[in-house]
Structures are given as structure tokens and as C-alpha cells.
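Peer 1: Next one to model:
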Amino acid sequence: MFTIVDNQDKNMKFKRLFVKAEEEFISMLPFEKKPFHDFERYITNTSNEKHFFHSSFMAIDEMDEDYCLYHFYYLNEGDDTLRTTLILPSNWDRRFEILEKSIKNLKEWLKNQDHIKRLLVQSLEMGKVEYYPTLSHYIIPVLIKAGFNPDYRMYMKWREGTLSVNSTLPEGFSVTGYDEKMKKEIIEFYTTNTFEGYFSTMVGEELLQQFSEEAFRRTARFILDKEQKIVGGLFAVLDSSEDVMVGNKIWFEDLAILKEYNDLGLDSYLVSKVLRAVTEKYPNVDTYTYASRKAKKTVKAFKSNNFNGFEFWVDMVFNK
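Peer 2: The predicted structure follows:
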């Protein structure tokens with residue numbers, strides 16, 4: 001029976017079951033323990049939101065002598081994607097069987113949650129980031145069998161060195177920084193076009209918020225055609241969070257080129273221009289980007305500018 005932890009009695013039950021499952025399961029997981037892996041957080045304060053973004057809650061799924069424990073969270077208010085930091089079967093040897101049964105029960109519960117459009121389980125494929133160990137790679141085949149779709153993602157980091165060889169634009173194109181007068185056109189560019197081979201993450205309110213950010217105004221670059229229309233864009237977002245998972249970084253976001261100009265090297269040129277702006281304005285900040293591995297043009301453009309993949313993830317997505 002899939003049950004949300006919503007009162008003191010269930011909270012105490014979750015704690016008892018967690019302690020038992022931790023002894024049976026967590027010590028078997030193949031991960032290097034780091035400071036973030038403080039499993040006590042799940043039993044000392046089950047509503048500790050500062051560790052888990054906007055809001056979070058626990059769930060218990062009991063199946064005869066077995067059970068599976070969950071911790072879910074949302075990124076922000078109104079978020080329609082449910083995410084998890086904890087999927088903890090009660091027994092290591094029966095982990096595949098328990099998880100397979102429990103995921104079916106979870107999907108049944110999701111049917112009645114109208115505000116939730118998708119469930120995302122992010123598993124680390126390769127890397128040393130302080131991720132959530134109970135979302136170990138073993139869960140991927142079980143989730144695929146249960147109807148989840150894998151999206152293979154990667155983090156890339158810039159290694160200081162030479163920039164792209166594409167230092168000039170083809171005839172008829174020009175590059176410009178951000179201007180307040182361009183705001184409407186920039187929004188239309190990102191929201192009304194599809195970008196074949198590129199990876200975009202910011203939409204709606206999240207994109208609108210960037211216009212007031214200093215990093216966006218300092219680093220955004222756009223390629224214009226001879227009619228002065230935007231055909232490509234890229235910008236950077238400064239992340240100065242003190243969260244142990246984040247640190248002080250700057251992220252390249254939303255490299256995009258209209259598909260009719262895909263083969264002109266505009267993408268690599270844009271990365272080099274924004275990178276130059278970043279290194280001038282933020283010389284002591286580490287530089288990163290995040291992309292889907294199927295967005296081959298994005299990956300290629302960043303690689304040509306000395307970005308290298310160092311963490312590889314699999315986002316398992318279940319759409320209702």
C-alpha cells in the first residue's frame with residue numbers, strides 16, 4: 001500500500017523502517033561517501049526543505065514483508081514535475097523485485113495527482129558528484145521496463161586554453177550583445193522556434209527572469225542576419241549559491257541556432273564570444289554547461305571551445 005507520510009504516527013513509522021532498510025541496503029551501494037550523504041536527514045527532520053529545494057514529502061510503500069521508502073520534492077511553487085532523492089528498498093538481495101512492484105504502486109498513486117505531469121528520477125552513470133546514492137544505476141532497467149524514458153545528459157566544464165578556430169562570422173552576419181530594445185525579439189526567438197540538434201532548458205518565467213540578471217546582460221550574445229533578425233543566441237547565468245551541491249559557478253545556457261543556418265559554424269563562434277565575455281567579467285569562476293547527449297550540435301560546439309564532459313547522467317522520465 002502506497003502511503004504519504006502526512007502525520008506524526010506515519011513519520012515515526014518511516015523512521016523505524018528507514019533505520020532497518022539503511023542497515024540492509026545502503027552499505028551495499030557502490031558509492032564513495034561524501035559530506036552530502038547524510039542519511040540522518042531523512043529521520044531527524046522529514047520536512048527539511050533547505051536540502052530539497054521548494055517543498056518535499058516522504059512516502060512508504062508496504063508490500064507484505066517488503067517495503068520501499070521514497071523522498072520526493074518540487075523545484076519551485078507550481079512545478080508540475082515530481083523528483084526524488086530517495087528510493088530505498090528494504091532488502092538488497094530482492095531489490096529488483098521490490099522496486100518493480102513498488103514502481104507499479106507509485107504509478108497508480110500518480111494517476112490521482114492531477115497537478116503532477118511527470119516523474120523524474122535522475123541516476124548518475126559516471127562521475128564523482130555528491131549525488132543521491134539510493135538512485136544508483138541499478139534502477140535504470142527496472143524503470144525502463146515500467147515505461148520510463150531515458151534521457152542521457154552530461155555536464156561539461158571549460159578547461160582554460162585556446163578558443164574555437166571560428167573567430168570570424170560568414171559574410172552577411174553580425175554579433176551583438178544584449179540591448180533592452182531586443183527583449184521582445186529575444187523572447188520570440190527562444191519561444192517560437194525549434195532548434196534542431198541543440199539543447200534548451202529555459203522557458204517561460206525562467207527565461208524572463210534572466211533579463212534582470214547582471215550575468216545575462218554582460219554575457220549574452222546574439223547573431224543577426226543582414227535584416228538584423230536574430231538567428232542564434234547564447235548567454236551565461238551566474239550561480240553563486242552556497243549549497244554544498246552547487247558552489248560558485250557560471251553556466252552557459254540555451255545555445256540555439258535556427259536550423260537553416262546550422263552548418264555555418266555560428267554555434268562554435270557564439271560559444272567563443274560568450275566565453276571571452278565570461279573570462280573578462282568573471283575571471284575566477286568555474287565555467288560549465290549542461291546538455292542532453294542527443295543534442296549533438298550543442299556538444300560539438302562546446303567541445304570545439306575546450307569544454308569536456310566529466311559527469312554523465314541518465315534522467316528517467318515518466319510522463320502521465
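Peer 1: And the strands in the chain?
Peer 2: 2-4, 55-63, 66-74, 81-89, 118-126, 149-158, 174-177, 221-224, 230-239, 249-257, 286-292, 307-319 (DSSP state E).
Peer 1: Give me the sheet partners of the shortest one and which way each runs.
Peer 2: In this case it means strand 2-4. strand 55-63 (antiparallel) (DSSP bridges).
Peer 1: Pull out the buried residues from the partner strand.
Peer 2: 56-63 (16 or more other Cβ atoms under 10 Å). Yep, even glycine has a C-beta here, placed from its N, CA and C like the rest.
Peer 1: can you list contacts of it?
Peer 2: 1-6, 10-11, 13-14, 17, 42, 46-49, 67-74, 77, 85, 98, 101-102, 105-106, 109 (Cβ atoms under 8 Å, 6 or more residues apart in numbering).
Peer 1: circling back to that earlier point, mind checking which of the strands of the chain is nearest Phe195?
Peer 2: strand 249-257 (4.4 Å; Cβ to Cβ).
Peer 1: Let me know how buried Glu77 is, in neighbour terms.
Peer 2: 7 (other Cβ atoms under 10 Å).
Peer 1: if I look at it, how far off is Ile4?
Peer 2: Note on Glu77: its distance to Ile4, by Cβ to Cβ, to the nearest Å, is 19 Å.
Peer 1: Looking at the buried residues of strand 55-63, which one is closest to Leu264?
Peer 2: Among the buried residues of strand 55-63, and counting by Cβ to Cβ, the member closest to Leu264 is Ser56, at 45.9 Å.
Peer 1: so what's that closest one bridging to?
Peer 2: In beta-bridge terms (that is, DSSP bridges), Ser56 pairs with Tyr73.
Peer 1: in the sheet, who's paired with the nearest residue to Asn149 once chain neighbours are set aside?
Peer 2: Distances taken as Cβ to Cβ, 6 or more residues apart in numbering place Val317 nearest to Asn149, at 5.2 Å, with adjacent residues excluded. Note on Val317: beta-bridge partners by DSSP bridges are Leu120, Asn149.
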